Every structure is written in C-alpha cells, then in structure tokens.
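Participant: Sequence first, then the predicted structure, then my questions.
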Amino acid sequence: MITVTTIAELRVLLDAHRGNGHSVGFVPTMGYLHDGHASLMRAARVENDVVVTSIFVNPLQFAEDEDLSDYPRDLERDLQVCDEAGADVIFAPTADEMYSRPMSTVVEVPEMAKRWEGASRPTHFAGVATVVAKLFSIVGTCSAYFGEKDFQQLRIITTMVEDLSFPIRVVGCPIRREDDGLAMSSRNIYLEGDQRAAATVLNRALRAAIGAFHNGETDGAVLSQLMASEVTAEPLAALDYAAVVRSDDLTTARTVDDTNRLIIAADVGATRLIDNMGLGSTTPL
C-alpha cells in the first residue's frame, strides 16, 4: 500500500495502471474510518485490480455552524484500516492541494438536493457533489463505491454521473451496523453517555415501519407517522424528518410498495444521525 498526496502523482499512477489493463476501484472517504468504510474497500477489492481510497475532510460540505474543525481525524489509524481492507493506494491531499484557490465552480443536483437533508443543510450537497466531481476527474475511469447509509447522497452522485456522462460506475453498498442496530458513522464518537443507547431509536423506528408494511400497511403517511412516534417517544432524540420516498428521485411516496425507501434523521444531543432502509428488507437489523 502506498500513500500519495498530490493530484498529479495520483493521475500518473492510475493512468499507468489503466494503461496496463488494470481496473480501478475507488472509495472516497472523509477519514476516521470504521468497518462501514472497510466494507466498501473489500467490495472494491473483489471487483478490481487496484483499490484507491481517498481520505479528505472536505470543507465545502460544512456550513459555518457545523463541525469542520472538530471533525474526528486519525490518519495513522485510517491507514491501518485501509491496509487491512486491501487498499493499494491512499490519496490523502491537503486542503490547499485540493483547493489551491477559492472555488469558482459549484456542482449541484438542485431538485434532488433541496429536500430532506438538503432542507436542513442547504449548502451540504453542493459541497459533496463538487468534491466528488473533482475526485472523479482526478481518479478517472473507475468503479466508485458508496455506502447506502447516506442514501440521498448516493442518489445525487448517481444522478450527477449519469447527467454529466462521467466514465464512472457508481456502486451502492449495504449499510454496516453495530450489534444493536445503530448505523456505523464517524460521528457516532460524539455520542455521550445515555445518548449512545438513545441513538438506536432510529433503527427501532425503521424496523417498526417495515414490520407494519409486512403486515399489510401501504399508506406512506401512516408509516411515516409510526416512525415519527417512535423517535418522539425517546426524550434524548429530536426528530428532523421521517418519510417514505421513491428510491429513484426521493419524492414522497403515498401508496407504497417494496421498491420504496424509509428515510429518517434526528439529533441526539448535538449529534445528527441519519438512517434508512428499503421497504423490501426482510431482516432489518
């Protein structure tokens, strides 16, 4: 495994691999890696000759009141996770390398980004789409692996790739969960004391809605209210949204079927948590 820090070096390295007929798998991350990230690298390892992981805390996707300066970082630990997961190349640029001057260009998928997470974090997805577009330009032709936990992000990136004809195959990978059902996230480290137990309410809310669906409930509003009631019953959690959406465009689903997606977001203490499940899930743990 090697680590590179400049755009030029990474481009030369990957162009040489592709010139030798090697396929490239790419896993973009913001570091402070957990087994969810490792699972993406393992999936890339199975399907590709070369696995590249980027580690870059992207300032563009943080609002002024969010936790950029406090976002957890541990490069040494991250490199160990990458090595154990089978990554070949680590791209760990500085902010100055990625943004040598203030960005004049912004990439947006506005219709899909304006709702749900975008309603609460209006600048977030423009920052995500812009950095991912830049990383795709740097990495070049590849298969790119993203976790389904950030389902709205996955759909926005997939749409961006299709709209702009990037030579990228976007691969969505299943959510990795802790034993108690909490979706793995770098931000889970912020949960203090009783907050950690309270955080599992998102998983319970999703499972309650899926159970009701499997018992015959097909009214999206009823399922959304069921999730909301679960969360509001937890005194340490503050619900942002709970909804059933179409998986393709993230619009609200009225009469639902197993192609739809449950999405949910809440604050537990100062920590924002998101989660989701497909209504077709049979083992929603």
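Facilitator: In hand now; what should we look at?
Participant: how much space between N58 and A126?
Facilitator: Distance, N58 to A126, by C-beta to C-beta, to the nearest Å: 11 Å. For the C-beta atoms, the positions are set from N, CA and C on the backbone; glycine is no exception.
Participant: Please apply the same query to A16.
Facilitator: The value you get for A16 to A126, if C-beta to C-beta is used, is 33 Å.
Participant: More neighbours: those two, which one.
Facilitator: A126 (19 against 11; other C-beta atoms under 10 Å).
Participant: wait, isn't the more buried one in contact with A113?
Facilitator: Yes: if you go by C-beta atoms under 8 Å, A126 and A113 touch, sitting 7.0 Å apart.
Participant: Please give me every residue in contact with V51.
Facilitator: The contact partners of V51, by C-beta atoms under 8 Å, 6 or more residues apart in numbering, come to V24, G25, F26, V27, M41, A44, R45, G86, A87, D88, V89.
Participant: Now, those that are in strands?
Facilitator: Mapping the contacts of V51 onto strands (DSSP state E) picks out V24, G25, F26, V27, V89.
Participant: For N188, state which of the residues you listed is nearest.
Facilitator: N188 lies nearest to V27 out of the ones in strands among the contacts of V51, by C-beta to C-beta, at 19.3 Å.
Participant: From N260, how far off is the closest one?
Facilitator: According to C-beta to C-beta, V27 stands 28 Å off from N260.
Participant: And for P59?
Facilitator: Relative to N260, and taking C-beta to C-beta, P59 is found at 34 Å.
Participant: Which of those two has more residues huddled nearby?
Facilitator: Legend: neighbour count by other C-beta under 10 Å for P59 and N260, higher for N260 (23 against 15).
Participant: check contacts around that one.
Facilitator: Per C-beta under 8 Å, 6+ apart, neighbours of N260: G220, V244, V245, R246, S247, A253, G278, L279.
Participant: ok, now Q61?
Facilitator: With contact set as C-beta under 8 Å, 6+ apart, Q61 has these partners: T123, H124, F125, G127, V128, V131.
Participant: buried stuff in stretch 141-156?
Facilitator: By neighbour count on 16 or more other C-beta atoms under 10 Å, the buried set for stretch 141-156 is 142-156.
Participant: Cheers, nothing more for now.
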